[in-house]
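below: sequence and its predicted model.
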Amino acid sequence: MSGLEKLWQAQNKLKEYKQVKQQAKDESVLPVLKAKKAELEKRMQQLKSKKEQLKQLEKEIKSGEMKCSSLTDKVKELQSELYNGEHNNPKELHGFEQKLKQTKEELSSCEDRVLEISQEQEDLSNAIEEINARLTNEKNAYKEQVKEYEQWKKEIKARQEKLQKEADKMMGKIDAELMELYQLKSKRLGDIVVSRVEDGSCSGCRINISPMVLKEIKQAQHKHITCESCGRLLFYKE
Ligand SMILES: [Zn+2]
């Protein structure tokens, strides 16, 4: 392999390394992940407050049931007062009747209220279950995305390091004189200093190479022929 071909290969490897290094810098997914995390946290907070609301309703049901139970006792007491035969005074009996009627009404509205809260509690409990399931799915999807990003980062870093080592090794095998020329020219030409002749033209600038120059390139052993248009070192391979 000629020195120029080795340099051409090393230059391509270096170019590939630079491209991968650039790709590795892409962190456009990070703000997306950050926004998703914030959204999930917000919804987890909302779920937490719904769970607190549910606890509150359960407390209300309990205290409502206690109130109903004591009203039931009171109804029984009043009924026993009315029918135990100990009270004969009509005014007194009327008083008990009034009190019984009032207590029964209180009990009825207490039971209605407990039923109402129980329905509310059931609806909320179902809603929480639904939100919980959805949120779990979304949290898993988010974790998967984070994992994918970290995996990609790890892989591209490894690829970058491998390419860097390979490029360094290849560049290290170029003889000093050619290396000096390459470095000098790369200041102006960038990554592509050695240009392969393809279909009779310079692949660096696409200009046609005259048959005479082409013949010269093919015959050249230690002489470097440069493209008249872009100044790159021309390299020919069948
Ligand atoms: Zn050229």
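Structure received.

and the longest helix along the chain, what does it pack against?
If you go by DSSP state H, the chain has its longest helix at helix 90-172. In terms of contacts (3 or more C-beta pairs under 8 Å, 6 or more residues apart in numbering; DSSP states H and E), helix 90-172 is packed against helix 3-24, helix 29-83. The C-beta positions use only the backbone N, C-alpha and C, and glycine is treated the same way.

please work out which of these is packed deepest.
Compared across those, helix 3-24 shows the largest average neighbour count, a mean of 17 (mean count of other C-beta atoms under 10 Å).

tell me what angle that one forms with helix 90-172.
Note on geometry: by axes from the mean of the first three to the mean of the last three C-alpha atoms, to 10 degrees, helix 3-24 and helix 90-172 are set 170 degrees apart in direction.

so for the helix or strand of the chain with the lowest mean pLDDT, what gets flagged as buried?
Every helix and strand in the chain was compared by mean pLDDT, DSSP states H and E; the lowest is helix 211-219, with a mean of 90. The neighbour-count check on helix 211-219 (16 or more other C-beta atoms under 10 Å) flags 213-214, 217 as buried.

got the CA coordinates for that helix in PDB?
Extracted in PDB, the C-alpha atoms of helix 211-219 (Å, rounded to 0.1, in the frame of the first residue of the first chain):
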ATOM      1  CA  PRO A 211      -5.800  12.200 -19.200                       C
ATOM      2  CA  MET A 212      -2.200  13.500 -19.100                       C
ATOM      3  CA  VAL A 213      -2.400  14.300 -15.400                       C
ATOM      4  CA  LEU A 214      -4.100  11.000 -14.700                       C
ATOM      5  CA  LYS A 215      -1.300   9.100 -16.500                       C
ATOM      6  CA  GLU A 216       1.100  11.100 -14.300                       C
ATOM      7  CA  ILE A 217      -0.700  10.100 -11.100                       C
ATOM      8  CA  LYS A 218      -0.800   6.500 -12.100                       C
ATOM      9  CA  GLN A 219       2.900   6.500 -12.800                       C
END
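
that older thread, kindly export the very next helix or strand once past the longest helix of the chain (C-alpha atoms) in CSV.
The first helix or strand that comes after helix 90-172 along the chain, using DSSP states H and E, is helix 176-189. C-alpha atoms of helix 176-189 as CSV (Å, rounded to 0.1, in the frame of the first residue of the first chain):
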residue,chain,number,x,y,z
ALA,A,176,7.0,12.3,8.7
GLU,A,177,7.4,14.2,5.4
LEU,A,178,4.0,13.3,4.1
MET,A,179,2.5,14.0,7.5
GLU,A,180,4.0,17.5,7.5
LEU,A,181,2.5,18.1,4.0
TYR,A,182,-0.9,16.8,5.2
GLN,A,183,-0.9,19.0,8.3
LEU,A,184,0.0,22.0,6.3
LYS,A,185,-2.6,21.4,3.7
SER,A,186,-5.3,20.5,6.2
LYS,A,187,-5.2,24.0,7.6
ARG,A,188,-6.8,25.2,4.4
LEU,A,189,-8.5,22.0,3.1
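
can you name the next helix or strand after helix 176-189?
strand 194-198.

give the rounded mean pLDDT of the next helix or strand after that next one.
Per DSSP H and E, strand 194-198 leads on to strand 201-202 as the next helix or strand towards the C-terminus. The pLDDT scores in strand 201-202 average 96.
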